[in-house]
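Engineer: Turn this into a model:
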Amino acid sequence: MNELGEIRPSQLMFSFGVGAVFDLPHLSVMIMGLDDWDTRYSLELSEERLLAALRRRLGNQVARLLLPPMDNEELSADPTAPPIGVPVVPFPRWLRCPACQIMASLDSGLFQLIQDRYRSDRTRYIHGSCTRAKNPTALPVRFLLACREGHLTDFPWIDFVHAGAARCQNPTLSMYEFGLSSDASDILITCQCGQRRPLGEAFNPNSDRELFHCHGHHPHLRRIAPGGCPEPARPILLGASNSWFPLVMSALSMPGEHEDQAAQQVEIHWARLKKVRSLEVAEFAVSEIPDLAVYAVEKIWQAIQAKNQRDASGLADDETAEDIKVPEWAVLSEANPATQSADFKLTTVAPPQGFESWFEDTVLVERLREVRALFGFTRIESNGDFTDATYISEGRYTPLTRQPPTWLPVSEVRGEGIFLRLQEERIADWETWPAVQDLEREFEISHRNWRRLRRLVPYDDAFPGIRYVLIHSLAHALMRQIALDCGYTAASLRERFYCRRPVDPHGPMTGLLLYTAAADSEGTLGGLVELGKPLSLGRHLQQALESLRICASDPLCSEHAPARDGRGIHAASCHACLFGPETSCERGNRYLDRGVLLPTLSRELTAFFTA
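Structural biologist: Numbers count the residues shown, from 1 in each chain. Model (predicted):
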């Protein structure tokens with residue numbers, strides 16, 4: 001088993017995770033399921049709240065959160081060390097010779113794999129029997145079949161070209177491209193028996209689609225669903241953006257509810273301490289963890305025993321664990337300096353200057369740690385939130401393992417952030433305005449139709465309310481202003497909302513956390529915290545709101561209403577004013593409306609920021 005390429009851990013989680021197709025220099029491969037991963041060189045992360053939330057969703061058999069297996073200098077220097085990485089298989093299975101245009105599957109034996117132990121980028125398939133060139137590199141055919149249940153398979157080339165005619169015994173197919181556009185309408189598929197068919201017919205909505213029934217194939221699990229799949233399959237391009245959507249759940253590392261600093265450190269390093277069963281072993285563990293060296297071994301051992309007792313009695317999964325953000329809201333809104341750790345540090349300052357009547361005190365999060373876990377994916381369409389599945393409690397998704405998983409891959413990001421909290425009295429009063437209530441009903445209808453189109457029942461469930469539209473729009477406006485005025489890239493900032501209505505069990509909440517999501521130095525140099533100072537933040541808020549009065553797409557943007565056909569859930573917003581990178585947005589650019597912030601050309605009575 002040779003190394004084929006390199007990929008960053010964050011890419012392995014959110015861009016090319018399990019079940020995704022990844023392009024190497026001369027190969028196209030699929031990341032295999034967790035059953036095939038070698039976890040001997042994976043480090044375990046401790047994040048009890050996230051693990052408890054995943055257990056409620058996937059089952060109590062989920063025992064660990066592991067970082068992807070990564071190489072290091074010590075292992076690289078050892079020639080006897082086993083290969084470290086994630087397993088992949090060639091996908092799609094159909095290849096094409098660019099010289100003679102012949103195409104065939106890997107099972108045919110027409111193409112040979114050439115491996116280089118020392119240059120992984122040279123690994124490739126060649127067509128050794130090509131009559132027009134010497135050993136040309138075979139290329140993956142760039143068309144696949146996928147369905148909304150997460151199944152993916154090769155395009156049925158033989159059945160497609162022989163549609164309506166008898167299939168020959170030994171089909172030999174070729175693909176010819178005409179023109180310069182590389183569009184499907186310019187591609188012709190031929191067989192040696194004389195049958196030919198333009199590929200554009202596969203993408204014609206009026207063509208016969210009986211050929212494209214889904215076989216229920218999960219290539220990352222090496223499994224085919226018995227009886228196939230009831231969903232219709234559709235042709236997609238290799239590398240299409242809708243071929244893989246990750247389902248991720250994340251949590252911020254909050255300090256434990258302990259006044260004892262030793263107990264907090266035990267919580268932080270629990271992944272390495274949970275197997276300690278004696279004072280002697282605890283003494284060795286303390287010597288291996290620098291953060292614990294300042295405490296007496298007996299004190300650490302007592303904290304370990306107390307933690308084991310709480311876990312055994314089930315006290316760790318209290319009623320607030322049903323909502324992963326409730327403990328975070330409690331810590332951020334109180335901003336108690338005593339509840340701090342190496343991964344979490346807060347400072348409270350005055351509200352943004354000029355906005356004292358709308359905001360509570362600003363909390364500067366000088367240090368934070370976010371742990372994100374991948375637990376599934378979808379194809380063709382996103383099942384809900386684009387980057388954070390905290391709000392999703394149902395719907396289709398594709399598992400990462402053949403059996404219920406016992407562990408899940410995670411990543412961690414350390415950075416900084418700004419926590420803003422709107423005054424509840426102003427929010428409650430604003431929600432009683434007739435125009436705001438009418439707008440909320442429009443969003444609720446759009447939300448219901450959006451779920452109906454995706455067959456998520458009940459259709460009226462999980463509507464976040466108009467206050468979420470307000471705080472979501474405010475977050476996007478502020479993130480865009482920070483990116484434009486301060487040099488941050490738009491994708492390096494993320495949002496995290498704490499929004500609950502008064503009728504909710506843990507409500508009311510109306511707060512937002514803007515934090516750095518990049519794993520490089522851009523997230524840890526203190527720049528975002530500096531922007532949270534009252535004078536600076538007030539100036540940026542004022543500029544962000546003023547930029548929303550007129551959009552480059554007005555008057556069309558301001559006249560936009562929440563769609564009633566289920567295609568989108570946003571009002572006066574577009575790429576020119578409020579839309580941001582979907583990797584930074586919790587809701588994939590849904591529930592946005594600049595009309596709830598300031599008056600627009602088409603609406604004035606729903607603006608929250610009025611004198």
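
Engineer: How far does the lengthiest strand in the chain sit from its chain's centre?
Structural biologist: Using DSSP state E, we find that the single longest strand of the chain is strand 362-378. Here the centre of strand 362-378 is set off from its chain's centre by 11 Å, with CA atoms, centre = their mean, to the nearest Å.

Engineer: send the alpha carbons of the very next helix or strand once past it over as CSV?
Structural biologist: Next along the chain after strand 362-378, taking DSSP states H and E as the criterion, comes strand 407-421. This file holds the C-alpha atoms of strand 407-421, laid out as CSV (Å, rounded to 0.1, in the frame of the first residue of the first chain):
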residue,chain,number,x,y,z
TRP,A,407,-15.7,6.6,16.8
LEU,A,408,-15.9,9.7,14.6
PRO,A,409,-13.3,11.9,13.0
VAL,A,410,-12.9,15.4,14.4
SER,A,411,-10.8,18.5,14.0
GLU,A,412,-10.0,21.4,16.4
VAL,A,413,-9.5,25.0,15.7
ARG,A,414,-8.1,27.6,18.2
GLY,A,415,-8.8,31.2,17.7
GLU,A,416,-10.5,34.3,19.1
GLY,A,417,-13.9,35.9,18.8
ILE,A,418,-16.4,38.7,19.7
PHE,A,419,-19.6,37.9,21.5
LEU,A,420,-22.5,40.3,21.1
ARG,A,421,-25.8,40.2,22.9
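
Engineer: Mean confidence (pLDDT) on strand 407-421, please.
Structural biologist: Strand 407-421 carries an average pLDDT of 92.

Engineer: Repeat that for stretch 173-186.
Structural biologist: For stretch 173-186, the mean confidence score works out to 83.

Engineer: Which residues does it contact?
Structural biologist: When contacts are defined by CB atoms under 8 Å, 6 or more residues apart in numbering, stretch 173-186 is touched by residues 96, 100-104, 141, 143, 157-158, 161, 187-191, 198-200, 202-203. Bear in mind the C-beta positions are built from the backbone N, C-alpha and C, glycine included.

Engineer: before we move on, what about stretch 344-360?
Structural biologist: 252-255, 331-332, 335-337, 340, 361-369, 420-423, 426, 529, 532-535, 537-539, 541-542, 608-609.

Engineer: show me where the stretch 1-150 of the chain has strands.
Structural biologist: Taking DSSP state E, counting those that start in this stretch, the strands of the stretch 1-150 of the chain run over residues 21-23, 28-31, 44-45, 64-66, 88-90, 94-96, 102-105, 112-114, 124-126, 139-140, 143-146.

Engineer: Out of the ones you listed, which gets nearest to Val248?
Structural biologist: strand 64-66 (12.6 Å; CB to CB).

Engineer: Give me the sheet partners of the closest one and which way each runs.
Structural biologist: strand 44-45 (antiparallel), strand 407-421 (parallel) (DSSP bridges).

Engineer: closest to Leu24 out of the ones you listed?
Structural biologist: strand 407-421 (20.3 Å).

Engineer: measure the nearest residue to Leu145 once chain neighbours are set aside to Glu381 for me?
Structural biologist: In space, and not counting its chain neighbours, Leu145 is closest to Ala233: 4.4 Å by CB to CB, 6 or more residues apart in numbering. From Ala233 over to Glu381 the distance is 14 Å, taken as CB to CB, to the nearest Å.

Engineer: One more: Cys229?
Structural biologist: Taken as CB to CB, the span from Cys229 to Glu381 is 15 Å.

Engineer: Settle it for me: which of the two has more neighbours?
Structural biologist: Set Cys229 next to Glu381 and count neighbours by other CB atoms under 10 Å: Cys229 wins out with 18 against 12.

Engineer: Show the contacting residues for that one.
Structural biologist: Cys147, Glu149, His151, Cys214, His215, Gly216.

Engineer: isn't the third one right up against His220?
Structural biologist: No - the pair His151 and His220 fails to qualify as a contact (CB atoms under 8 Å) at a distance of 10.6 Å.

Engineer: more neighbours, those two?
Structural biologist: Per other CB under 10 Å, whichever of His151 and His220 has more neighbours is His220, with 30 against 23.

Engineer: Name the nearest residue to the more buried one, sequence neighbours excluded.
Structural biologist: His220 sits nearest to Gly19 (CB to CB, 6+ apart), 4.2 Å away.

Engineer: what sits against the one you found?
Structural biologist: When contacts are taken as CB under 8 Å, 6+ apart, Gly19 is in contact with Met30, Ile31, Gly33, Gly150, Leu152, His218, His220, Trp244, Phe377, Thr398, Leu400.

Engineer: Apply 7 Å and report the result again.
Structural biologist: Ile31, His220, Trp244, Phe377, Thr398 (CB atoms under 7 Å, 6 or more residues apart in numbering).

Engineer: now Arg448
Structural biologist: Tyr459, Asp460.

Engineer: pull the CA atoms of the helix or strand containing it into PDB?
Structural biologist: Under the criterion DSSP H and E, the helix or strand holding Arg448 is helix 434-453. Output of helix 434-453 as PDB, limited to C-alpha atoms (Å, rounded to 0.1, in the frame of the first residue of the first chain):
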ATOM      1  CA  PRO A 434     -47.400  44.400  13.100                       C
ATOM      2  CA  ALA A 435     -45.100  44.700  10.100                       C
ATOM      3  CA  VAL A 436     -42.500  42.400  11.800                       C
ATOM      4  CA  GLN A 437     -45.200  39.900  12.600                       C
ATOM      5  CA  ASP A 438     -46.300  39.900   9.000                       C
ATOM      6  CA  LEU A 439     -42.700  39.400   7.800                       C
ATOM      7  CA  GLU A 440     -42.300  36.500  10.300                       C
ATOM      8  CA  ARG A 441     -45.400  34.800   8.800                       C
ATOM      9  CA  GLU A 442     -43.900  35.100   5.300                       C
ATOM     10  CA  PHE A 443     -40.600  33.500   6.500                       C
ATOM     11  CA  GLU A 444     -42.500  30.700   8.300                       C
ATOM     12  CA  ILE A 445     -44.400  29.900   5.100                       C
ATOM     13  CA  SER A 446     -41.200  29.800   3.100                       C
ATOM     14  CA  HIS A 447     -39.600  27.700   5.800                       C
ATOM     15  CA  ARG A 448     -42.500  25.200   5.700                       C
ATOM     16  CA  ASN A 449     -42.400  24.900   1.900                       C
ATOM     17  CA  TRP A 450     -38.600  24.500   1.900                       C
ATOM     18  CA  ARG A 451     -39.000  21.500   4.200                       C
ATOM     19  CA  ARG A 452     -41.900  20.100   2.200                       C
ATOM     20  CA  LEU A 453     -39.800  20.200  -1.000                       C
END
